[in-house]
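K.L.:
My questions are about this predicted structure, shown below with the sequence.
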Amino acid sequence: SFTNPTEEGNNSLIVVSNRLPFVLKRGSNGVLQRSHSAGGLVTAVAPVVTKCNGKWIGWPGLFDLGGHEKVPEASDDDKSPTAGLKSNQVIPVNIPENDFEEFYNGFCNGTLWPLFHSFSCKITYDRNSWQTYQKVNDYFAEKTVEALRYQQEVILVDEEIPIVWIHDYQLLLCPARIRELAEDEGLSCKLGFFLHIPFPSYDMLNTLEGSEEILYGMLACDVIGFHIDLYSQNFLESCLRKLGCRVDFDNKTVEIGSRVVRVRTLPIGIPFDKFEECAKNAPKVNGQKDEKDTKLIISVDRVDYTKGLVQKVRAIEKLLEKHRHEYAGKLTFLQIGVPSRTNIKEYQSLHNELSREIGRVNGKFSTADWYPIQFMYKGLPQDELAAYYRDSDVALVTPLVDGMNLVAKEFVACQINNSGALVLSYFAGAAESMKEALMVNPYEVNLLADSLHKALQMSSSECQLRMEKLRARERKFDVHYWMSSFLEEMRFVESIEKPKLPT
Ligand code: GDG
């Protein structure tokens, strides 16, 4: 079993992510408030940052934060995982509104997102947004080094070397900049990075002018984590072929100068207990599972072209064409589609196409008192989501490509009676471990329809057998396990520089 270095009080943890673990909102009276987001990363990591008196650095979600304006303390009735984070533990990075568009909608989500998901037809190549990306990564690095400076002042014993843990594709250049600034100032820290999306193949990455700088950016870390081996191997191969580094593919290390960077495959999990608890307590959302004759299929995604939303609608159409008598009037496909990146044209046209396709299929099959596809274009509260997961017969989780996919894991956590069936895409990182799911190729709409039929017809004993195994694995390898594994890897790392003892 793992112990968190941070839990022993030896290290302080500084987390750097694009967004803070909560969003700041300004009320009409001008007063700032914390508004909560419920991701797994926040659930697992925020309590640890609280405990070790660490810091969380990120964009607060608004543009008009004054330079000396303080992040508010949590309110007394705050029960979220971030409630324990004191105002001085949360460091907002201001991104000027002008830069934000080119940084976030431009380079992050117009270039890196499609490129790292190998969606070559969606990639925008633009020098200006690349320069803005560099600049914004510098902002994050400068704030991090400020935090390290402060940390150094309060450090008295020489074991206490802060761990800086940087997250995701928005901050690929940040580690190199932090290392550079920290070394200049003689500040010590260990640097870790986790990429939440796939790492592309060498030839895909190579289409990007800045790919060398991106690799050097990441290699400034001591440990770099990916969800699955394929992404780790892609990264190692790029280091070899693009930079000519000495790479050990078996031990997953890269030599750069006098340093050895450790690349690790560390698949993320979910807060399993939290979802299970929610599913046990949430009121019923409908009577589907009790009514023997009706079936509910659920999908939950951000409305993103990587998630295979249109293919799912076409698979429902095929299913109804093939088995009209069996399912007409009895089957509902519920797509919960959370609006995402709505300022980007690609995302607007996807939403339009999806709505059109849903309308077309509903128009084709609906009767006076039934239509097959329900589309909720919004986010739901977590307990309602858990109830939908619990009360669905089948979850259709069929992205065209996905770093991991947490929805598949959350669905199984909520199957408290071991009853539902999971249809899962080969191309989700989750497919590496969730072997008891019905595996499908989401591009083959016909086969997708057949898998759905199989899932809907699966005997309860087979469902149970598969679900028990899926649940046991996710319970064990949950998000807390993932975090401990990462921090355990960080424990073996030499710091940039030994801290100076106070004079
Ligand atoms: C990236 C990678 C990787 C969705 N709708 C509602 C809601 N959600 C929550 C889900 C889930 C999360 O959003 C979506 O997570 P995914 O893993 O499916 O996808 P990305 O957002 O693309 O995340 C991905 C992940 O990072 C972690 O490393 O798995 O591959 O792309 O947690 O529950 N939550 C609530 N209401 C909703 O309506 N409360």
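P.N.:
That came through fine.

K.L.:
Count the residues that sit near Glu326.
P.N.:
Glu326 has 14 neighbours, counted by other Cβ atoms under 10 Å. Backbone N, C-alpha and C define where each C-beta goes, glycine included.

K.L.:
give the contact list for the residue in the stretch 51-200 of the chain that the ligand sits nearest to.
P.N.:
Ranked by Cβ to the nearest ligand atom, the top residue of the stretch 51-200 of the chain for proximity to the ligand is His196, at 3.5 Å. By Cβ atoms under 8 Å, 6 or more residues apart in numbering, the contact list for His196 reads 167-169, 227, 268, 403-404.

K.L.:
now do 6 Å
P.N.:
By Cβ atoms under 6 Å, 6 or more residues apart in numbering, the contact set of His196 is 168, 403.

K.L.:
How is it assigned, secondary-structure-wise?
P.N.:
Following DSSP: H, G, I helix; E, B strand; the rest coil, we place His196 in the coil state.

K.L.:
On the pLDDT front, check it for me.
P.N.:
On the pLDDT scale, His196 is placed at 96.

K.L.:
Quick check on it: phi, psi?
P.N.:
Backbone torsions of His196, given as degrees, to the nearest 10, read phi -90, psi -10.

K.L.:
what about the helices in the stretch 101-250 of the chain?
P.N.:
With DSSP state H, counting those that start in this stretch, the ranges of helices along the stretch 101-250 of the chain come out as 113-116, 127-154, 174-185, 202-205, 211-219, 229-243.

K.L.:
okay, those, which one's buried deepest?
P.N.:
Most buried of the helices of the stretch 101-250 of the chain by mean neighbour count (mean count of other Cβ atoms under 10 Å) is helix 113-116; its value is a mean of 22.

K.L.:
taking the mean pLDDT, what do you get for that one?
P.N.:
Per-residue scores along helix 113-116 average to 98.

K.L.:
Sort out which residues of whichever strand or helix holds Leu354 are buried, please.
P.N.:
Using DSSP states H and E, Leu354 falls within helix 345-365. Neighbour-count burial for helix 345-365 flags 346-347, 350-351, 354, 357-358, 361-362, 365 (criterion: 16 or more other Cβ atoms under 10 Å).

K.L.:
just stretch 249-265 next, same as before
P.N.:
For stretch 249-265, by 16+ other Cβ under 10 Å, it's 252-254, 256, 259, 261-264.

K.L.:
taking those one by one, which sit in strands?
P.N.:
253-254, 256, 259, 261-264 (DSSP state E).

K.L.:
got the contact list for stretch 82-98?
P.N.:
Contacts of stretch 82-98 (Cβ under 6 Å, 6+ apart): 21-22, 46, 50, 55-57, 59-60, 63, 65, 70-71, 73-74, 136, 139-140, 143, 147.

K.L.:
Please list only the buried members of those residues.
P.N.:
Buried subset of those (neighbour count, 16+ other Cβ under 10 Å): 21-22, 46, 50, 55-57, 59-60, 65, 71, 74, 136, 139-140, 143, 147.

K.L.:
can you tell me which of those residues are up against the ligand?
P.N.:
With Cβ under 6 Å from any ligand atom as the criterion, no member of the buried ones among the contacts of stretch 82-98 is in contact with the ligand.

K.L.:
Could you pick out which of these are located in strands?
P.N.:
22, 55-57, 59.

K.L.:
With distance to Ala413 and pLDDT as new columns, can these be given to me in CSV?
P.N.:
Below are those laid out as CSV (distance: Cβ to Cβ, whole Å; pLDDT from 0 to 100):
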residue, distance to Ala413, pLDDT
Phe22, 23, 93
Lys55, 30, 94
Trp56, 25, 95
Ile57, 30, 97
Trp59, 30, 96
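
K.L.:
Need the residue closest to the centroid of this structure.
P.N.:
His196 (5.2 Å; Cα atoms, centre = their mean).

K.L.:
List the contacts of Val71.
P.N.:
87, 90.

K.L.:
Could you give the number of residues near Thr43?
P.N.:
21.

K.L.:
Grab the nearest non-local neighbour of it.
P.N.:
Pro271 (4.3 Å; Cβ to Cβ, 6 or more residues apart in numbering).
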